[in-house]
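In: Sequence first, then the predicted structure:
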Amino acid sequence: MTFNPDADLSTNTTRRRGRNTAIAGGGVVGVLGIIALIAGPLLGIDLTGLLGGAAPGGGDGPAGGTAIENCKTGQDANERLDCRMAGAQVALDAFWSDEVENYSPPQLIVVDGATNTACGTASNAVGPFFCPGDETVYIDPTFFQLMQEQFGASANELAQLYIVGHEWGHYIQYITGVMDRYPNNGTGPDSNGVRIELQADCYAGAWIGRISEQKDAEGDPYLNRPTETQIEDALNAAFVVGDDNIQQQSSGTVNPESFTHGESEQRTGWFAQGFENGLGVCAEPLTVPGGEL
């Protein structure tokens, strides 16, 4: 089991929100919808504007939603995926509060079907993402099933935590000014977008490398140290979401000039760098020459 069964997760602030529909606005989505359903989640691209998604705002604003019930202990997190997300939130906040001065946590929303955000519609057609507009991480847990069915990922417990940790990394980049210093400059293997994503992979690896160090008020660790099998599971998730693997699986060809997140080898490599060496190496994806990424 990943979580310490006795860990106190009752301090989580994770919320649940959604309308239990595949895409806000519904209806047949056609070819663009198929592209979004296959590529959008794994590239982290919001393609719902192509699908007639709902406009930002409305009654599902970031302060809305309901508390996730009965997610009190590590045992709950081991048994229920939504509680696992809530437990990840508690552990990530504990980790980053020690690393970032005056850390203020983001909101985490578990999406049921689809919901409005300040960045467009959140659903499994978009995949997990961090929205700067409302400082919220959105995750539809059915995304993990999509990874398994569409791309053959194992997507087990630690892989799921890697995904959450990666999105938390984007929040850290936002509040520390990294996103401002490395703005979107298009696609390609040496683009800022790829560098930002590889740093977020490194951040996730650094957290998982110290995952058993964060403790509750009673001194119980939130999570157990991962086994080799679990680490392989997380590395498999990083491999699956590489641009080259996604393109090869989706179209049979690879176009590096369209890369937005980095190759599979790069993603697993920077996750491993963070895991083995900690946060100290995670500035490097932003600065090393493109050939060393």
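Out: Nice, I can see it.
In: Leaving out the residues flanking it, which one is nearest to Phe271?
Out: Excluding the flanking residues, the one nearest Phe271 by C-beta to C-beta, 6 or more residues apart in numbering is Gly205, at 4.0 Å. To be clear about C-beta, it is placed using only N, CA and C from the backbone, and glycine gets the same treatment.
In: Could you tell me the model confidence score at that neighbour?
Out: pLDDT, Gly205: 98.
In: and it, backbone torsions?
Out: Backbone torsions of Gly205, given as degrees, to the nearest 10, read phi -60, psi -40.
In: mind checking how far Arg80 is from Ser264?
Out: 30 Å (C-beta to C-beta, to the nearest Å).
In: Those two: which is more packed in?
Out: Ser264 (20 against 16; other C-beta atoms under 10 Å).
In: Paired strands for the longest strand along the chain, with orientation please.
Out: Longest strand of the chain, by residue count under DSSP state E: strand 107-112. Paired strands of strand 107-112, with direction, are strand 15-18 (parallel), strand 136-139 (parallel) (DSSP bridges).
In: Check those for me and report the most buried one.
Out: Comparing these by mean neighbour count (mean count of other C-beta atoms under 10 Å), strand 136-139 comes out on top with a mean of 26.
In: what about Phe130, which helix or strand?
Out: strand 129-131 (DSSP states H and E).
In: roughly how far is that strand from the heart of the chain?
Out: 8 Å (C-alpha atoms, centre = their mean, to the nearest Å).
In: what lines up beside it in the sheet?
Out: In the sheet, strand 129-131 lines up with strand 136-139 (antiparallel) (DSSP bridges).
In: State the mean pLDDT of the partner strand.
Out: Rounded mean pLDDT across strand 136-139 is 95.
In: contacts for it?
Out: 62, 85, 106-111, 115, 117-118, 122, 126, 128-131, 163-164, 167-168, 171 (C-beta atoms under 8 Å, 6 or more residues apart in numbering).
In: try 6 Å this time
Out: The contact list for strand 136-139 (C-beta atoms under 6 Å, 6 or more residues apart in numbering) reads Pro62, Met85, Pro106, Gln107, Leu108, Ile109, Val111, Ala122, Pro128, Phe129, Phe130, Glu167.
In: beta partners for the closest residue to the second one other than its chain neighbours?
Out: In space, and not counting its chain neighbours, Met85 is closest to Val110: 5.4 Å by C-beta to C-beta, 6+ apart. Under DSSP bridges, the beta-bridge partners of Val110 are Arg16, Ile139.
In: And for Ser123, the neighbour number?
Out: Quick note: Ser123 (other C-beta under 10 Å) scores 30 neighbours.
In: Over to it: give its phi and psi.
Out: Given degrees, to the nearest 10, the pair of backbone angles that Ser123 has is phi -160, psi 180.
In: nearest residue to it other than its sequence neighbours?
Out: Ala114 (3.9 Å).
In: What is the burial count for that neighbour?
Out: Using other C-beta under 10 Å: Ala114 sits among 27 other residues.
In: so what's it scoring on pLDDT?
Out: 90.
In: and what of the one 4 residues further on?
Out: Listed pLDDT for Ala118 reads 92.
In: What's the local residue count around the closest residue to Ala272 other than its chain neighbours?
Out: Nearest non-adjacent residue to Ala272, counting by C-beta to C-beta, 6+ apart: Gly205, 6.3 Å away. Neighbourhood size, Gly205 [other C-beta under 10 Å]: 31.
In: Look up how far Ala237 lies from Gly205.
Out: Distance from Gly205 to Ala237, by C-beta to C-beta: 12 Å.
In: likewise Glu228?
Out: 15 Å.
In: contact partners of stretch 181-196?
Out: Pro256, Glu257, Ser258, Phe259, Thr260, Gly262, Pro285, Leu286, Gly290.
In: nearest to Thr14, of those?
Out: Thr14 has its nearest neighbour among these in Thr260, at 27.6 Å by C-beta to C-beta.
In: Which residue is the nearest non-sequential neighbour of that closest one?
Out: That would be Gly193: by C-beta to C-beta, 6+ apart, it lies 4.9 Å from Thr260.
In: Shouldn't that neighbour be within a strand?
Out: No. Gly193 is assigned helix when assessed by DSSP: H, G, I helix; E, B strand; the rest coil, not a strand.
In: can you give me the helices in the stretch 51-200 of the chain?
Out: 74-79, 81-97, 142-151, 157-175, 178-181, 192-209 (DSSP state H, counting those that start in this stretch).
In: closest one to Asp220 among those helices?
Out: The nearest among the helices of the stretch 51-200 of the chain, by C-beta to C-beta, is helix 74-79 at 8.1 Å.
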